[in-house]
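1. need a 3D model of the sequence below.
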Amino acid sequence: MNKTGKFDKVYLGAVAGFVVPILVSMTVWSFSSGKYTLGEQINRIVNADIVSHIISLCVFPNIFLFLLLMHLDLLRATRGVLGITIFWAVLVFAVKFLL
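-> Numbering: from 1, shown residues only. Reported below is the predicted structural model:
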């Protein structure tokens, strides 16, 4: 087993695929919010009716994570990232069309 083999787990890919969009959203908020708290910023996003757009943009870096894991030949972890990305896509669909 190579050195990266211990990271080739579906659950690690799923956790990474879930955490990366949250980290991206927190990073964007910290650089762009200025005078708004997190709650105020979320209220502004909800009132502007752009929740699905924001979620989609925050999930976009999962593509780079997916490609990195594919390049490193961590196929099980790649499955986890893909599964969570599909979950995010279903969430975007639900927010956009059902709410």
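2. with just CA atoms, put the least confident helix or strand in the chain by mean pLDDT into CSV.
-> Least confident helix or strand, the chain: helix 38-47 with a mean of 90, by mean pLDDT, DSSP states H and E. Output in CSV follows, covering the C-alpha atoms of helix 38-47 (Å, rounded to 0.1, in the frame of the first residue of the first chain):
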residue,chain,number,x,y,z
LEU,A,38,-23.0,36.0,9.9
GLY,A,39,-26.7,36.0,10.7
GLU,A,40,-27.3,39.4,9.0
GLN,A,41,-25.4,38.1,5.9
ILE,A,42,-27.5,35.0,5.8
ASN,A,43,-30.7,37.1,6.1
ARG,A,44,-29.5,39.3,3.2
ILE,A,45,-28.9,36.3,1.0
VAL,A,46,-32.3,34.8,1.9
ASN,A,47,-34.1,38.2,1.3
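3. so which bits of it are buried?
-> Buried positions in helix 38-47, judged by neighbour count with 16 or more other Cβ atoms under 10 Å: 41, 45. Just so you know, the C-beta spots here come from the backbone N, C-alpha and C atoms, and that holds for glycine as well.
4. stretch 49-63 now?
-> Going by 16+ other Cβ under 10 Å, stretch 49-63 has these buried residues: 51-52, 54-56, 58-59, 62.
5. pull the contacting residues for the residue nearest in space to the middle of the chain.
-> Nearest to the mean C-alpha position of the chain, by Cα atoms, centre = their mean, lies residue 21 at 2.7 Å. Each residue near residue 21 by Cβ atoms under 8 Å, 6 or more residues apart in numbering is listed here: 55, 58-59, 61-62, 88.
6. for the host helix or strand of residue 78, name the packing helices and strands.
-> Element membership of residue 78, judged by DSSP states H and E, is helix 75-97. Helix 75-97 is packed against helix 10-32, helix 51-59, helix 62-71, with contacts defined by 3 or more Cβ pairs under 8 Å, 6 or more residues apart in numbering; DSSP states H and E.
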